[in-house]
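S.K.: need a 3D model of the sequence below.
(one chain, ligands or ions: 1)
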Amino acid sequence: MQKQYGHLTEEALKLGASSCKVIASGEIQVKDDLAALCNGEYTCPNFGLGASCPPHVKGPGQFRKWQALSRYSIVVKIELPTSVMFSNERNGVMRLLHQIVAGVEQKAIETGFKKSKAFAGGSCKELFCEDQANCCVLTENGPCRHIESARPSMSGFGIDVTKLMASCGWQGQKAEESDAADKQSSSWVAGLVLLA
Ligand code: SF4
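M.R.: Down below sits the predicted model:
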């Protein structure tokens, strides 16, 4: 299977992913309570600010419909030192994650998977439009300023990222901020492209 989708995994690695796996889309677990965390006991400061975050995305119900149309998915991971994960450089890594999954999505569309959809992590408002007062998709009903890169976060769709890591045979536990001083400590961020 990795071979059949080699042009897509190669694209992910070329764009900057550390690792990339093909999994059966049916293995992806989606949970309503995970999506609810965006506006739960602790509300994400980016909740509602961008078109790619809740409550402006259709959440787990919509994801399950897309998932039903997809046989295989590409999971990408960027490994980074824990010190970078908890520094100002983190947003640059998150932007790269969006660029990688958007690039793989584009390649998938060009090669016949015309309904493919990419998901990354973090708020696109924070990562791409921080210097803008508003998300123009929400306030002007206009096109996204960063349509070539910005993709919705897996969180808003309730994707269980720990289980996703396990499906890839990857370590799912993340390092804590208290590990940032340890030069050997590493962390990761991940994204997903549903092929359809
Ligand atoms: S315009 Fe900016 S905030 Fe709105 S969806 Fe696009 S990247 Fe996100």
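S.K.: helix, strand, or coil at Pro143?
M.R.: Each residue gets one of three states, and Pro143 gets coil by DSSP: H, G, I helix; E, B strand; the rest coil.
S.K.: dump the residue contacts of Val137.
M.R.: Gly50, Ala51, Pro143, Cys144 (Cβ atoms under 8 Å, 6 or more residues apart in numbering). Just so you know, the C-beta spots here come from the backbone N, C-alpha and C atoms, and that holds for glycine as well.
S.K.: measure it to the ligand for me?
M.R.: For Val137, the distance to the ligand (Cβ to the nearest ligand atom, to the nearest Å) stands at 5 Å.
S.K.: surely that residue is within a helix?
M.R.: Yes. Per three-state DSSP, Val137 lies within a helix segment.
S.K.: those residues of the chain touching the ligand, which are they?
M.R.: Applying Cβ under 6 Å from any ligand atom, we find that the chain lies next to the ligand at 50-52, 124-125, 128-129, 135-137, 144-146, 150.
S.K.: thinking again about what came up before, out of the contacts of Val137, who has the most neighbours?
M.R.: Gly50 (27 neighbours; other Cβ atoms under 10 Å).
S.K.: just the buried ones among the residues of the chain next to the ligand, please.
M.R.: Gly50, Ala51, Ser52, Cys124, Lys125, Phe128, Cys129, Cys135, Val137, Cys144, His146, Ala150 (16 or more other Cβ atoms under 10 Å).
S.K.: ok, back up a step: need the contacts of Val137 in a markdown table with distance to Met94 and pLDDT, can you?
M.R.: Below are the contacts of Val137 laid out as a markdown table (distance: Cβ to Cβ, whole Å; pLDDT from 0 to 100):
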| residue | distance to Met94 | pLDDT |
| --- | --- | --- |
| Gly50 | 13 | 97 |
| Ala51 | 17 | 97 |
| Pro143 | 22 | 97 |
| Cys144 | 16 | 98 |
